[in-house]
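Asker: One predicted model, sequence on top.
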Amino acid sequence: MEDYPHTIEEFESRFSSEPACRAYLEAIRWPDGFRCRACRGEAATMVRAGLYQCRSCRSQTSVTAGTIFQDTRKPLVMWFRAMWYVTSQKNGASALGLQRVLGLGSYETAWTWLHKLRRAMVRPDRDRLHGWIEVDETFIGGLAEGAVGGRQKTNKALVVIAAQADGPAIGRIRMRMIADASADSLHPFVIDCIEPGSTLHTDGWQGYAGLEKKGFEREISITRGRRKDASKLLPRVHRVASLLKRWLLGTHQGAVAPWQLPYYLDEFTFRFNRRTSKSRGKLFFRLTQQAVNTPPAPYKAMITVCPSPQAIGAC
């Protein structure tokens, strides 16, 4: 059952205390009652507020254990406000904006929270696209000087986009940052994100060759030598690419490090696929659902691949 506040007034009234926030998480995480993480037991004793002990194996757990909220030192009330703010902003939120709105003491905390939430924005078991799908790649940040054809090596990130047709409009999308435009990179993306039997509309790039043998129909539009016409031949993916770049430049001033780009792609996909939702509260509900099913991501783990901790401000 979908249960969520519809207005900010309702949100503030409902989630103004820790017990109220905890009860909401429990209802979402354990809709059929308590389940032990260790033995899947269904009976537990409350040791103290928010901490349960399984009657079968006697292990202790809480509703936040194993979620993005694990080990947080901040109250759940503040986390709920962060999720409401992130989902209620049409174009997303920056770490600086979140810091100001919540009055967080450091930019680092706001940055960490946003990246934890981004990790919860895409379900691993989400439905694949189906039907008529346009697929193409784009460089984030533009082509390197002297590049021809859009697939040469650059110092920019290469992103493959799949856009499902909804009549003349765009339906759902999927995106992934890839190492290169080879079949080894493109084929796994198609297989992971698109249902077999779907029709793939691509250009003539050789990296897509062979997908017919893997259960996909394919229609090819030759764009080589017709760069100006590419947006007309594959209009949906080019529209998505344009919106993505505009969003990265507008909301994040283009200051997104390549090592963190996949999580920004997840956020853009989350927002784009729910762009027609009339209720911001429903987006809050969806994000909360996924937050309690997403493993914790400690700050140190998130910056391990960062070239320098000082580069966080540019991520």
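Answerer: Cool, got the structure.
Asker: Identify the residues contacting Ser59.
Answerer: Residues counted as contacts of Ser59 (C-beta atoms under 8 Å, 6 or more residues apart in numbering) are 36-39, 53. For glycine as for every other residue, the C-beta is placed from the backbone atoms N, C-alpha and C.
Asker: If any of those are buried, put those into a ChimeraX selection.
Answerer: Buried residues within the contacts of Ser59, by 16 or more other C-beta atoms under 10 Å, are selected in ChimeraX with:
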select :36,53
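Asker: possible to save the contacts of Ser59 as CSV with distance to Ser182, secondary structure and pLDDT?
Answerer: CSV is the format used below for those (distance: C-beta to C-beta, whole Å; DSSP: H, G, I helix; E, B strand; the rest coil; pLDDT from 0 to 100):
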residue, distance to Ser182, secondary structure, pLDDT
Cys36, 45, coil, 90
Arg37, 40, coil, 86
Ala38, 43, coil, 88
Cys39, 45, coil, 92
Gln53, 52, strand, 94
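Asker: just the contacts of Ser59 now: which is nearest Thr288?
Answerer: Closest approach between the contacts of Ser59 and Thr288, by C-beta to C-beta: Arg37, at 18.8 Å.
Asker: Need the phi and psi values for the closest one.
Answerer: phi -70, psi -30 (degrees, to the nearest 10).
Asker: what's the answer for Val47, then?
Answerer: phi -80, psi -50.
Asker: ok, the residue lying closest to it once chain neighbours are set aside to Pro31 distance?
Answerer: Counting by C-beta to C-beta, 6 or more residues apart in numbering, Val47 lies nearest to Gln53, which is 5.1 Å off, once chain neighbours are set aside. To Pro31, Gln53 is 21 Å away according to C-beta to C-beta, to the nearest Å.
Asker: can you check Tyr24 too?
Answerer: 12 Å.
Asker: So which of the two has more stuff around it?
Answerer: Comparing Tyr24 with Pro31 by other C-beta atoms under 10 Å, the one with more neighbours is Tyr24, at 21 against 10.
Asker: element containing that one, please.
Answerer: Taking DSSP states H and E as the criterion, Tyr24 maps to helix 18-29.
Asker: counting contacts, what elements does that helix pack onto?
Answerer: Contacting helix 18-29 under the criterion 3 or more C-beta pairs under 8 Å, 6 or more residues apart in numbering; DSSP states H and E are the following elements: helix 76-88, helix 280-291.
Asker: re the thing from before, got the contact list for the residue nearest to Val47?
Answerer: Gln53 neighbours (C-beta under 8 Å, 6+ apart): 44-47, 59-60.
Asker: What is the three-state secondary structure of the closest residue to Asp180 other than its chain neighbours?
Answerer: Using C-beta to C-beta, 6+ apart and skipping residues adjacent in sequence, the residue nearest Asp180 is Leu158, 6.7 Å away. Here Leu158 is recorded as strand under DSSP: H, G, I helix; E, B strand; the rest coil.
Asker: Let me know the closest of the contacts of Ser59 to Phe284.
Answerer: Taking C-beta to C-beta as the measure, Phe284 sits nearest to Arg37 out of these, at 25.1 Å.
Asker: ok, and the closest non-adjacent residue to that closest one?
Answerer: Looking at Arg37 with C-beta to C-beta, 6+ apart, the closest residue is Thr61, at 5.2 Å.
Asker: For the one you found, grab the count of nearby residues.
Answerer: 18.
Asker: again with the one 4 residues further on
Answerer: Taking other C-beta under 10 Å as the neighbour definition, Ala65 ends up with a count of 16.
Asker: Identify the residue nearest it in space, chain neighbours excluded?
Answerer: Counting by C-beta to C-beta, 6+ apart, the residue nearest Ala65 is Arg37, at 6.8 Å.
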